[in-house]
Each structure stands twice: as C-alpha cells, then as structure tokens.
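Chemist: show me how the following folds:
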Amino acid sequence: MRPVTRRQADHHAARSAATVAQVLSALQELLDSGEAFSEISVQRILEEAGVSRATFYAHFQSKADVLQRLAGKLRESLLALAQQWDPAAGVDRLAEFFEEVIRIHRAHQSVITAVREAAAYDSTVDDFYTADLEGFDETALRSLLSDQAAGLTPADVDAVSASRIIVWGGAQAIAHHIRVDDGTGDIPFARELAQIWWYGAYRRPSGNQGS
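Modeler: Just a heads-up that it's a prediction; the model follows:
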C-alpha cells in the first residue's frame, strides 16, 4: 500500500471540512425557513446539502449530531462573550453584555428553538443543552466566589444557589422574551436582567437573609 502523502491528507481534510460545512449549512437553512427540527428528516438534509447518505454518516451519527455541532458554534461565541465580562465593570457594562447576548440569540433563534425542542425528547440533545447552561453556571459561580473573596459580594450570598438561579432562570427569561417581543424591548429587558444579577447577587446588600 502506497503511503498517504501530506498533500493527500490535507486534501482529504479539506474535503471533509467542506462536507461538514455543507451539512451544517443545510440544516441551518431548513430551520431558518421555519421547519420544525422534529419534521426534518435526514433525507431532507441530504437533499439540501447535496451529499450521499454514506457521506453523511461518515461524518455525523444522526441529525441530532448535526444540530449539536451547529449549536456548538453558538455556544462557543456565547461562552467567549461571558468570559470577557468583568464583574468589576459594573451594572451598566452587564446590561450591555446582556444586550449582546440577546442579539446573538435573536440571530440564531431557529437553532436555539430546535435545541430546546429536541431536548424534550432526545437525551443526547438534552445532555448537550444541559452542559451548555452548566458552562455558564460555572462561569458565574467562579466570578461570584472571586468577588466574595475580594469582599465585593457579601459572604451571606450562597454563591452556588445564586449562580444557578441567575443563569438558569435568566436563560428561560431570555428565551421567553425573544418569543414574545419584536426586539423593541431588548434594551429595557437587558437593563432589568442586569439589575437583577447585580443587585440580587453580585452587589446584594449584606444582612438580607430571612430571619
């Protein structure tokens, strides 16, 4: 057997990447057109992407796998945005951060809707969706603990509970807001969400525990 050259390997990798991109783009276009993820078959994706079934399964395990990879790009951009936020920047900067989060969610609304839909009946997507929010939860928890260590966040704040509430509750609130608002309320919503995070957790007045 003749050894595979570097040029051949690079060519194969490029073709493989192009195929993956075609399939991801196909699913994106189908979702953007308004089709529900549950109604999109693998055959529809194959037709839209212009690839064979054998080629599809050489790169993906299922249509849920395609959705997860499509959503993975969104997750990376949101996590990168979250990691750039500095709690010390204040509530106004946090409001700007949420404006950007909402903007990204609106731009990828069809994918997010598909993930939330599929998570209800597909355990692999549910695990993916849960891991996504857990990543944000961990980021918020680290920043809360860091602020507590610096004496900025009161010691009586239960950082674990607070991070879960603001992250998981915030995600639900953002998803609902995007469904019912045409975008005109994005800035007020982002500002209120920032106030709740800031004064409800990060800079909560100390001694507010119930008696």
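Chemist: residues contacting the spatially most central residue of the chain?
Modeler: Taking CA atoms, centre = their mean, the centroid of the chain lies closest to residue 75, which sits 3.7 Å from it. By CB atoms under 8 Å, 6 or more residues apart in numbering, residue 75 lies in contact with 132, 135. All C-beta atoms are positioned from the backbone trio N, CA, C, and that covers glycine.
Chemist: tell me the phi and psi of it?
Modeler: Dihedral angles of residue 75 (phi, psi; degrees, to the nearest 10) stand at phi -60, psi -40.
Chemist: surely residue 164 touches residue 138?
Modeler: No - using CB atoms under 8 Å, residue 164 is not in contact with residue 138; the gap is 10.6 Å.
Chemist: in the helix or strand in which residue 65 is found, what counts as buried?
Modeler: Residue 65 belongs to helix 63-84 when assigned by DSSP states H and E. Neighbour counts using 16 or more other CB atoms under 10 Å place 63-71, 74-75, 78, 82 of helix 63-84 among the buried residues.
Chemist: from those residues, which is closest to residue 55?
Modeler: Of all the buried residues of helix 63-84, residue 66 has the smallest distance to residue 55: 12.9 Å, by CB to CB.
Chemist: check what pLDDT that closest one gets.
Modeler: Note on residue 66: pLDDT of 95.
Chemist: how long is stretch 41-55 end to end?
Modeler: 16 Å (CA to CA, to the nearest Å).
Chemist: what distance separates it from the centre of its chain?
Modeler: 26 Å (CA atoms, centre = their mean, to the nearest Å).
Chemist: pull the residues that contact it.
Modeler: By CB under 8 Å, 6+ apart, stretch 41-55 touches 19, 22-23, 25-27, 29-30, 35, 56, 62-63, 66.
Chemist: Serialize those to JSON lines and add fields for secondary structure and distance to residue 204.
Modeler: As requested, the contacts of stretch 41-55 are exported to JSON lines (DSSP: H, G, I helix; E, B strand; the rest coil; distance: CB to CB, whole Å):
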{"residue": "19", "secondary structure": "helix", "distance to residue 204": "51"}
{"residue": "22", "secondary structure": "helix", "distance to residue 204": "49"}
{"residue": "23", "secondary structure": "helix", "distance to residue 204": "47"}
{"residue": "25", "secondary structure": "helix", "distance to residue 204": "45"}
{"residue": "26", "secondary structure": "helix", "distance to residue 204": "47"}
{"residue": "27", "secondary structure": "helix", "distance to residue 204": "43"}
{"residue": "29", "secondary structure": "helix", "distance to residue 204": "45"}
{"residue": "30", "secondary structure": "helix", "distance to residue 204": "45"}
{"residue": "35", "secondary structure": "coil", "distance to residue 204": "44"}
{"residue": "56", "secondary structure": "helix", "distance to residue 204": "51"}
{"residue": "62", "secondary structure": "coil", "distance to residue 204": "44"}
{"residue": "63", "secondary structure": "helix", "distance to residue 204": "44"}
{"residue": "66", "secondary structure": "helix", "distance to residue 204": "42"}
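Chemist: that's all I had, so thanks and see you.
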